[in-house]
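Colleague: Attaching a predicted model along with its sequence, questions to come.
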Amino acid sequence: MSYAFDPEIAAGIALLPTLDFANFTQARIAMSERFSQLEAPDTTGVDVRDELVPGPDGAPDVPVRIYTPHRRTVAAAIYDIHGGGFVIGGIENDHAANLRFARELGVVVVAVDYRLAPENPYPAGLEDCHAGLVWTAKNADTLGIDADRIALHGISAGGGLAAALALLARDRGGPAILFQFLGVPEIDDRLDTPSMRAFLDTPMWNRPRAEISWDAYLGGPGRRGGADIPIHAAPARATDLSGLPPAYVTAMQFDPLRDEDIAYAQALLAAGIRTELHVFPGTFHGSALMQQAAVTQREIAESIAVLGRAFGI
């Protein structure tokens, strides 16, 4: 199928990394090698340290990376959850972006390195994210932040986990969440939207990869789409979105996740949640890797502006 991609993005498709998504071990190795080959990002103006924080009951400690800017603007924090279809990726995914957030916004960033499926299916990854959030709120004084001014940030599966974490924190009575930034979130295991049915061969993410991802996350084939999937696994299934924090949701035009993301933003609005939705034209899931493209530059600038506005900067 042919797609009307933005010309600047289309020109870079051939340079995108190729991952054998069905082979998790090889995909993880390939992604790790790719990050090792990249030029180290500039850490000027930001102190970076890694810590282990208490994990969920009976589970290992959870690695987090803390970004503390030299120049503080407000006593607030971004809690970042990386993407990777629930099965690949790690704390290095968003390293450059988190440095940029800390430096340009002047807020602390805490990034969580949760356990991956299929070795650790739902709810392991989400519980790790919750444990890291609890630690962040409990250690607000040490981090120099206000525990009531924590914004969630996630892209792709990270966006799905951020949406799930907002629901989980609401249902467990905390920690408080100021804002949820849901970038192209993976939130619906039913895989039954028009975009999910149509986009079978789009770059980076497509229906076949979504099927692999959800099978791994939910504990094996045969579970996705079933009647017993909880809302904290697939937030698109939630029918009560009241009491959630304000949200910003992005969608890409030629992304199989497009329609579930738009529908979730509409559902948040219908529930009375202050919500902003931006569909970026000519893009696909992961096209932001072409960082020099004008549409990507707009996406980056908007992410900083949106989070800054959430913090009152």
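Modeller: Alright, I've got the coordinates. Residues are numbered from 1 along each chain as shown.

Colleague: and residue 81, how many neighbours does it have?
Modeller: 30 (other Cβ atoms under 10 Å). To be clear about C-beta, it is placed using only N, CA and C from the backbone, and glycine gets the same treatment.

Colleague: Adjust the sequence numbering to begin at 29 for everything that follows.
Modeller: Let's use 29 as the start, then, which means that last one is residue 109.

Colleague: Which strand residues bridge it?
Modeller: For residue 109, the beta-bridge partners are residue 140, residue 182 (DSSP bridges).

Colleague: I'd guessed it sits against residue 184; true?
Modeller: No: Residue 109 is beyond contact range of residue 184, at 9.8 Å (criterion: Cβ atoms under 8 Å).

Colleague: contacting residues for residue 202?
Modeller: Listed by Cβ atoms under 8 Å, 6 or more residues apart in numbering, the contact set of residue 202 reads residue 165.

Colleague: now the one 3 residues further on
Modeller: With contacts defined as Cβ under 8 Å, 6+ apart, the neighbours of residue 205 are 178, 179, 180, 193, 194, 197, 273.

Colleague: So which of those belong to strands?
Modeller: Among those, DSSP state E puts 178, 179, 180 in strands.

Colleague: quick one, helices of this protein?
Modeller: Listed in chain order, the helices of the chain (DSSP state H) span 35-38, 52-65, 123-133, 152-166, 168-171, 185-200, 222-226, 235-246, 286-298, 322-339.

Colleague: what mean pLDDT would you report for the first one?
Modeller: Here helix 35-38 scores 96 as its mean pLDDT.

Colleague: Any buried residues in it, and which?
Modeller: 36, 37, 38 (16 or more other Cβ atoms under 10 Å).

Colleague: Relative to residue 29, how far out is the second one?
Modeller: Which is residue 37. Counting by Cβ to Cβ, to the nearest Å, the gap from residue 37 to residue 29 is 16 Å.

Colleague: residue ranges with poor pLDDT in the stretch 79-228 of the chain?
Modeller: Judged against pLDDT under 70, the stretch 79-228 of the chain has no low-scoring part.

Colleague: I'd say residue 84 and residue 158 touch.
Modeller: Yes: when contacts are counted by Cβ under 8 Å, residue 84 is listed as touching residue 158 (7.2 Å).

Colleague: okay, these two: which has more neighbours?
Modeller: A direct count of neighbours by other Cβ under 10 Å for residue 84 and residue 158 places residue 158 higher, at 24 against 17.

Colleague: Contact partners for residue 330?
Modeller: residue 306.

Colleague: What separation do you get for it and residue 316?
Modeller: Counting by Cβ to Cβ, the gap from residue 330 to residue 316 is 11 Å.

Colleague: And residue 114, by the same measure?
Modeller: Counting by Cβ to Cβ, the gap from residue 114 to residue 316 is 19 Å.

Colleague: And those two? Which one has more around it.
Modeller: Using other Cβ under 10 Å as the criterion, residue 114 and residue 316 rank with residue 114 on top: 30 against 24.

Colleague: Against residue 280, how distant is the residue lying closest to residue 232 once chain neighbours are set aside?
Modeller: Leaving aside its chain neighbours, residue 232 sits nearest to residue 314 (3.3 Å; criterion: Cβ to Cβ, 6 or more residues apart in numbering). Noted for residue 314: a distance of 8 Å to residue 280, by Cβ to Cβ.

Colleague: repeat for residue 229
Modeller: Taking Cβ to Cβ as the measure, residue 229 falls 15 Å from residue 280.

Colleague: Between those two, which is the more surrounded one?
Modeller: The neighbour comparison of residue 229 against residue 280 (other Cβ under 10 Å) goes to residue 280, with 29 against 10.

Colleague: Does the more buried one touch residue 323 like I think?
Modeller: No: counting by Cβ under 8 Å, residue 280 does not reach residue 323; the two are 9.6 Å apart.

Colleague: which residues do those two both contact?
Modeller: Taking Cβ under 8 Å, 6+ apart as the criterion, residue 280 and residue 323 both touch 308, 311, 315.

Colleague: which residues touch the residue lying closest to the last one once chain neighbours are set aside?
Modeller: In this structure, residue 315 finds its nearest non-sequential neighbour in residue 37, 4.8 Å apart by Cβ to Cβ, 6+ apart. For residue 37, the contact set (Cβ under 8 Å, 6+ apart) comprises 310, 311, 312, 315, 318, 321, 323, 324.

Colleague: Output the residues you listed in a markdown table; the columns should cover distance to residue 153, neighbour count and pLDDT.
Modeller: Below are the contacts of residue 37 laid out as a markdown table (distance: Cβ to Cβ, whole Å; neighbours: other Cβ atoms under 10 Å; pLDDT from 0 to 100):
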| residue | distance to residue 153 | neighbour count | pLDDT |
| --- | --- | --- | --- |
| 310 | 32 | 18 | 98 |
| 311 | 26 | 26 | 98 |
| 312 | 25 | 27 | 97 |
| 315 | 25 | 30 | 96 |
| 318 | 28 | 20 | 93 |
| 321 | 31 | 21 | 96 |
| 323 | 30 | 19 | 97 |
| 324 | 27 | 20 | 97 |
